[in-house]
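[1] Provide a 3D model corresponding to the input given below.
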Amino acid sequence: MAKKPTLRQCIGCGQPMEKKSLIRVIRNPEGIIELDATGKKNGRGAYLCPSQECLAKAMKSKGLERSFQMQVPKEIYQQLSKELSELETQ
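    Below you'll find the predicted structure:
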């Protein structure tokens, strides 16, 4: 029997997608928010489509704030946007 794909919901657009096609954003135990390219880092995770559009939607709807139950500074969004651009160009 084939294994069902693991689905996660994008915090930007809200679409359920395969976990492998999404980017994981984590809040580690020290409270630092970062992109988790490997998907294996320790911490509370939220998933995001690999597009600037979804990051903008997540920012507007405060998706990360809800997922991590804390204020997320603008600098974090700017850093995520920069890292996302780098991933898109690869």
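
[2] what about the helices in this structure?
    Counting by DSSP state H, the chain has helices at residues 52-61, 63-68, 74-89.

[3] contact partners for Glu86?
    By CB atoms under 8 Å, 6 or more residues apart in numbering, the contact set of Glu86 is empty. Just so you know, the C-beta spots here come from the backbone N, C-alpha and C atoms, and that holds for glycine as well.

[4] scratch that, Val25
    For Val25, the contact set (CB under 8 Å, 6+ apart) comprises Ile33, Glu34, Leu35, Asp36, Gly45, Ala46, Tyr47, Leu48, Leu64, Leu80.

[5] one more: Leu87?
    Contacts of Leu87 by CB under 8 Å, 6+ apart are Ile23, Leu35, Ala37, Pro50.

[6] please report how far the first one lies from Met1.
    When distances are taken as CB to CB, to the nearest Å, Ile23 and Met1 turn out to be 30 Å apart.

[7] just for the protein, where's the confidence low?
    90 (pLDDT under 70).

[8] mind doing that once more with 90?
    Within the chain, the segments meeting pLDDT under 90 span 1-5, 20-21, 23, 31-40, 50-51, 72-77, 79-81, 83-90.

[9] contacts only, for the closest residue to Lys57 other than its chain neighbours.
    Spatial nearest neighbour of Lys57, chain neighbours left out: Gly12 (3.9 Å); criterion: CB to CB, 6 or more residues apart in numbering. Shown here is Gly12, whose contacts under the criterion CB under 8 Å, 6+ apart are Leu48, Cys49, Ser51, Glu53, Cys54, Leu55, Ala56, Lys57, Ala58, Ser61, Gly63.
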